[in-house]
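K.L.:
Got a predicted structure plus its sequence, pasted below:
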Amino acid sequence: MTAIDHPGAESTHGEHTAHDGGHTKPNSFYIKVAVALAVITAVEVGLYYLDIGKLYLPTLLVLMAIKFGTVVSLFMHLRFDNKIFSWLFYSGLFLAVFVYIAALLTFRFFDGG
C-alpha cells in the first residue's frame with residue numbers, strides 16, 4: 001500500500017524538495033554560518049571589556065543587524081520566501097533600532113557626561 005491508500009499517512013518521496021523549493025544547502029554550510037555567528041557574538045562580548053568610546057554602541061548595533069539578517073535570511077529561509085515577509089522582518093528590525101536609539105537619546109546617553 002502507498003501513502004495515498006492511507007489518508008493519515010504522509011509521503012516522504014518528493015516532499016523534501018517541494019517544501020524548500022530546491023534551495024537546500026549542505027549541513028556544512030549551516031555549521032559555518034553558526035560558527036560565524038558565534039564569532040560575532042564573541043566580538044560583541046569582547047567589546048564589553050574594551051574601551052572604544054563612542055564607537056561602542058554603533059558597533060554593537062551593526063553587529064546585531066548582521067546577526068539578525070543572517071539568522072532570518074538563512075535559518076528562517078526568508079531569502080526564499082515571499083518579499084512581504086522580508087519587508088515585515090526588516091521593518092521590525094529598523095523600528096526596534098529606531099526605538100532603542102530614541103530611548104537612549106531621551107536618557108541623554110550620547111551626551112558623554
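P.N.:
Received it, and whenever you're ready, just let me know what you need. Numbering: from 1, shown residues only.
K.L.:
At the geometric centre of the chain, which residue sits there?
P.N.:
What sits nearest the mean C-alpha location of the chain, by C-alpha atoms, centre = their mean, is residue 71, with 2.5 Å.
K.L.:
wait, isn't it in contact with residue 37?
P.N.:
Yes - judged on C-beta atoms under 8 Å, residue 71 makes contact with residue 37 at a distance of 7.2 Å. Bear in mind the C-beta positions are built from the backbone N, C-alpha and C, glycine included.
K.L.:
quick revisit: quick one: secondary structure of the residue nearest to the centre of the chain?
P.N.:
Put simply, residue 71 is helix when judged by DSSP: H, G, I helix; E, B strand; the rest coil.
K.L.:
For residue 52, see how far away it is.
P.N.:
Here the criterion is C-beta to C-beta, to the nearest Å. By it, residue 71 lies 25 Å from residue 52.
K.L.:
Check residue 26 too.
P.N.:
Distance of residue 26 to residue 52, given as C-beta to C-beta: 37 Å.
K.L.:
Buried residues of the strand or helix carrying residue 48, list them for me.
P.N.:
Per DSSP states H and E: residue 48 is located in helix 27-49. Using 16 or more other C-beta atoms under 10 Å as the test for burial, helix 27-49 gives 37, 47.
K.L.:
how many other residues sit next to residue 72?
P.N.:
19 (other C-beta atoms under 10 Å).
K.L.:
quick one, what contacts it?
P.N.:
78, 89 (C-beta atoms under 8 Å, 6 or more residues apart in numbering).
K.L.:
Provide a list of residues in contact with the residue nearest to residue 37 when sequence neighbours are not counted.
P.N.:
Once flanking residues are discounted, residue 37 sits nearest to residue 67: 5.8 Å by C-beta to C-beta, 6 or more residues apart in numbering. By C-beta under 8 Å, 6+ apart, the contact set of residue 67 is 37, 40, 41.
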